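A.B. asks: need a 3D model of the sequence below.
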Amino acid sequence: MSDYPVVLYVEDDPKSRKVMKLFLEGRLNLSHVTILQDSSNFTAHLTHLDPRPDLIFLDIHVHPLDGFEMLTLIRENSAYNNVPIIALTASVMGEEVAQLRQHGFSGCLAKPVDLDRFPSILKQILNGDAVWYITD
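C.D. replies: This next block holds a predicted model:
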């Protein structure tokens, strides 16, 4: 992969942030990766991102705004109308997945993320496929 895509990831777990940063920048060689450690001042961060993300990963259980609240703010910004927003969560029971779909997430990846499958999953997402990768 080249410098595409530009990725935004919001995650409050330091270990998850570190793993994803090393993977996206190291293994996939992406140069535009922004990782936020929480959702403080989320609207301001979103407005000032340059370049604008092509793909957004949101942890669902983050504070002060959870993933659903961040999703709403992103969807209210017309600049992000076509940007896939993928939930990353350990809560992947049937009812949680239904709630993610109802709120308008483009897909969901169960945590911990399967790093062996992640490059192909990323390609599917960027091709416009709805990816709901939930492990049992």
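A.B. asks: can you tell me the SS state at the most centrally placed residue in the chain?
C.D. replies: When CA atoms, centre = their mean is applied to the chain, the residue found nearest the centroid is Phe57 (0.4 Å). Three-state call for Phe57 (DSSP: H, G, I helix; E, B strand; the rest coil): strand.
A.B. asks: likewise for Lys123?
C.D. replies: When classified by three-state DSSP, Lys123 comes out as helix.
A.B. asks: okay, now it: neighbour count?
C.D. replies: Counted by other CB atoms under 10 Å, the residues lying close to Lys123 total 12. Placement of C-beta: from N, CA and C, glycine included.
A.B. asks: that one: what's it in contact with?
C.D. replies: Neighbour list for Lys123: empty [criterion: CB atoms under 8 Å, 6 or more residues apart in numbering].
A.B. asks: mind checking pLDDT for it?
C.D. replies: On the pLDDT scale, Lys123 is placed at 90.
A.B. asks: picking up where we left off before, contact partners for the residue nearest to the centre of the chain?
C.D. replies: Val7, Leu8, Tyr9, Val10, Glu11, Met20, Ile86, Ala87, Leu88, Leu109.
A.B. asks: what helix or strand is the last one on?
C.D. replies: Right, the one you point to is Leu109. Using DSSP states H and E, Leu109 maps to strand 107-110.
A.B. asks: and the residue lying closest to Leu65 once chain neighbours are set aside, what element?
C.D. replies: Spatially, and ignoring its direct neighbours in sequence, Leu65 is nearest to Ser39 (3.9 Å; CB to CB, 6 or more residues apart in numbering). Using DSSP H and E, Ser39 is not contained in any helix or strand.
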